[in-house]
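>>> For reference, the sequence and a predicted model appear below.
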Amino acid sequence: MDAEIQKYIDERVEKRVAEILAQREHAENSRTKRLALVASKGSLDMAYPPLILASTAVSLGWEVGVFFTFYGLDIVNKTKLHKLQVAPIGNPAMPPPISAVPSFQVPNLIGVLPGMTPMATAMMKSWFNRANIPPLQDLIDVTREGGGHLYACTTTMGVMGVNEENLIEGVECRGAAAFLEFAAYADVALFI
Amino acid sequence: MSAAIQTQYDIFLDSKNLLCPMPIIKLSQAIKKIDAGQTILTETTDPGSQYDIAAWSRQTGNELLATEQDGKVFRFLIRKKA
């Protein structure tokens, strides 16, 4: 008799635990996820990663907040967004200028010469263009239209002398505490 | 499967020759324009899109009904969730 009761209890407990676990898993899967990014760099190559992640996350139905701080603020600066550059100097990963001649590597020190940064920038833009990569502005628009928040670091604005009028439309000016409060509930938080 | 995936869909989305994140962005924009239960057939060439579209489907709840590879082209049939 005792053995039967024990078996009955075990079965009921097992069934109930499985139900509760399934409910939890369902709740976890259907919860809206949140992405919090810090975009701290203002070069052309480093502006893409945060915007690609942000625009993809809104496309997945996630909540998104990107905190643009220090040089990263240039990405949401109206006058600077379209003029972001990439410098060849100090960047050993920079591919050779003529892709057909990969052995022709420009010595890194040549990067100090006037005109090398615009040249590297034009080169990189041509790669993006050839690969059908959209301009940064398009990725910003997708993020905004998907309900993503673009936060401008007010400390950086003060240090760099940037006003709200300099920023692209829809950017919200915030400090570290406000961003941390948003990021505290993030499922993914990255510093770029 | 090849015949089935190409005959049953409501809208077609061409994302060939586009890299991440464009196939996902375009897919999420396109799905807003159809009704629940309707389907999209999308074609891509980015090898990463095989995994990206499966992840998008799991994250958004829109059902990935079928996939196929045809040379360098990947095809996905997706049904909008109710």
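Yep, that arrived. Numbers count the residues shown, from 1 in each chain, chains lettered A, B, ... in the order given.

>>> what's the domain layout of chain A?
A:1-31, A:32-191 (automatic domain parsing).

>>> I'd like to know the average pLDDT value across stretch B:54-67.
Mean per-residue pLDDT for stretch B:54-67: 94.

>>> quick one: is it near chain A?
Yes - under the criterion of Cβ under 8 Å from any Cβ of the partner chain, chain A is reached by stretch B:54-67 at B:55-56, B:59-61. No exception for glycine: its C-beta is placed from N, CA and C like everyone else's.

>>> Point out the ones among those that are inside helices.
Members of those lying in helices (criterion: DSSP state H): B:55-56, B:59-60.

>>> Name the member of these with the most neighbours.
Greatest neighbour count in these, by other Cβ atoms under 10 Å in any protein chain shown, goes to B:W56: 23 neighbours.

>>> so what's that one closest to, chain neighbours aside?
Nearest residue to B:W56, sequence neighbours excluded (Cβ to Cβ, 6 or more residues apart in numbering or on different chains): B:I24, at 5.4 Å.

>>> just A:T156 next, same as before
A:T156 sits nearest to A:L73 (Cβ to Cβ, 6+ apart), 4.7 Å away.

>>> would you list every one of the helices in chain A?
Counting by DSSP H, the helices of chain A are A:2-30, A:44-59, A:116-130, A:136-145, A:154-160, A:176-183.

>>> most packed of those?
helix A:44-59 (a mean of 22; mean count of other Cβ atoms under 10 Å in any protein chain shown).

>>> and it, what other elements does it pack with?
strand A:34-39, strand A:63-68, helix A:116-130, helix A:136-145, strand A:188-191, helix B:22-31 (3 or more Cβ pairs under 8 Å, 6 or more residues apart in numbering or on different chains; DSSP states H and E).

>>> Tell me which of the ones you listed lies nearest to A:K83.
helix A:116-130 (8.9 Å; Cβ to Cβ).

>>> thinking again about what came up before, show me which of the ones in helices among the residues of stretch B:54-67 next to chain A is closest to chain A.
B:Q59 (4.2 Å; Cβ to the nearest Cβ).

>>> Could you check how far the closest one is from A:K83?
According to Cβ to Cβ, to the nearest Å, B:Q59 and A:K83 sit 35 Å apart.

>>> before we move on, what about A:G161?
17 Å.

>>> Tell me which residues touch the residue lying closest to A:A54 once chain neighbours are set aside, please.
Counting by Cβ to Cβ, 6+ apart, the nearest residue to A:A54 once its immediate chain neighbours are dropped is A:T143, at 4.5 Å. For A:T143, the contacting residues are A:51, A:54-55, A:58, A:64, A:66, A:150, by Cβ atoms under 8 Å, 6 or more residues apart in numbering or on different chains.

>>> With B:A55 instead?
B:A55 touches A:L60, counting by Cβ under 8 Å, 6+ apart.

>>> quick one: stretch A:121-140 to chain centroid distance?
16 Å (Cα atoms, centre = their mean, to the nearest Å).

>>> Do me a favour and get the end-to-end distance for that stretch?
One end of stretch A:121-140 sits 20 Å from the other (Cα to Cα, to the nearest Å).

>>> could you give the mean pLDDT of that stretch?
Per-residue scores along stretch A:121-140 average to 89.

>>> and it, anywhere near chain B?
Yes - using Cβ under 8 Å from any Cβ, we find that stretch A:121-140 touches chain B at A:131-134, A:139.

>>> Is it possible to mark the buried ones in those residues?
Buried subset of these (neighbour count, 16 or more other Cβ atoms under 10 Å in any protein chain shown): A:133-134, A:139.

>>> B:T42 reaches B:I11, doesn't it?
No - with contact defined as Cβ atoms under 8 Å, B:T42 does not count as touching B:I11 (9.1 Å).
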